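Participant: Sharing a model that was predicted from the sequence below.
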Amino acid sequence: MDTSQTIISYQPLLQKIAYRIVGSIADAEDIVQDTFFNWLKKGPEKIENAKAYLMRSVVNSSLNHIKSVRRSLTDYLENDSEDRFIVEPEEENFSVFDKNKEIREALKVLQCKLEPLERVIFILREIFDFDYETLQELIEKSKDNCRQLFSRAKAKLNIDNVSLTMPSFQGKEGIIESFKNACNFGQMSEFINELMEGISTKLK
């Protein structure tokens, strides 16, 4: 394929991958556009496997985008006046606490029964319907390996003789909010970032 055909063929897939990670159509489009620009600048003839190169570039750019947004938000919160975030106490909403408890217990089961890679694959595949092409680029494993990890995770979750004495999921209360935002509003970036922190050292 020439460069025009490559862009036309792979643009929908790349935008889908980027959107899955960053949770913003506009940001996903910018990431894909920059990826194609850098690919053309580098020289397509120098790239043996254009599809693999473009997918890996999009995943890396998407994850870097998440980190950049997170740093910017952290800097803003640290530099802004604390008074802005002081709110009057409201009447307790116990249904929220019940929902948080359910999520915490579900994540605790996943942590106790599954290895980090299995947990990431299972959550993103089973709950958020990520395809295997996206997963293989996200965790740097082949599609067949991702399928095996997913199958192994489902099998492990059907085993009842596992002790659930481990503390709350990664010890992070924030992951509950990021999980709810991912489910309710499609804001995947923060939740994926939380999940990937648990396996980042294994991918190096």
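Facilitator: Arrived safely, thanks for sending.
Participant: can you give me the helices for the protein?
Facilitator: Applying DSSP state H to the chain gives helices spanning 3-22, 25-42, 50-79, 94-113, 116-122, 132-139, 143-157, 174-185, 188-197.
Participant: looking at those helices, which has the lowest confidence?
Facilitator: With a mean of 69, helix 94-113 has the lowest mean pLDDT of these.
Participant: returning to what we had before: kindly reformat the helices of the chain as JSON lines and extend each row with mean neighbour count.
Facilitator: Where you see a C-beta, it was placed from the backbone N, CA and C, and this is true even at glycine. Converted to JSON lines, these look like this (neighbours: other C-beta atoms under 10 Å):
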{"stretch": "helix 3-22", "mean neighbour count": "18"}
{"stretch": "helix 25-42", "mean neighbour count": "16"}
{"stretch": "helix 50-79", "mean neighbour count": "15"}
{"stretch": "helix 94-113", "mean neighbour count": "14"}
{"stretch": "helix 116-122", "mean neighbour count": "22"}
{"stretch": "helix 132-139", "mean neighbour count": "21"}
{"stretch": "helix 143-157", "mean neighbour count": "16"}
{"stretch": "helix 174-185", "mean neighbour count": "16"}
{"stretch": "helix 188-197", "mean neighbour count": "20"}
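Participant: which ones are touching the nearest residue to residue 57 once chain neighbours are set aside?
Facilitator: Leaving aside its chain neighbours, residue 57 sits nearest to residue 35 (4.7 Å; criterion: C-beta to C-beta, 6 or more residues apart in numbering). Residues near residue 35 by C-beta atoms under 8 Å, 6 or more residues apart in numbering: 14, 54, 57, 58, 61.
Participant: Please repeat the previous calculation with a cut-off of 6 Å.
Facilitator: 54, 57, 58 (C-beta atoms under 6 Å, 6 or more residues apart in numbering).
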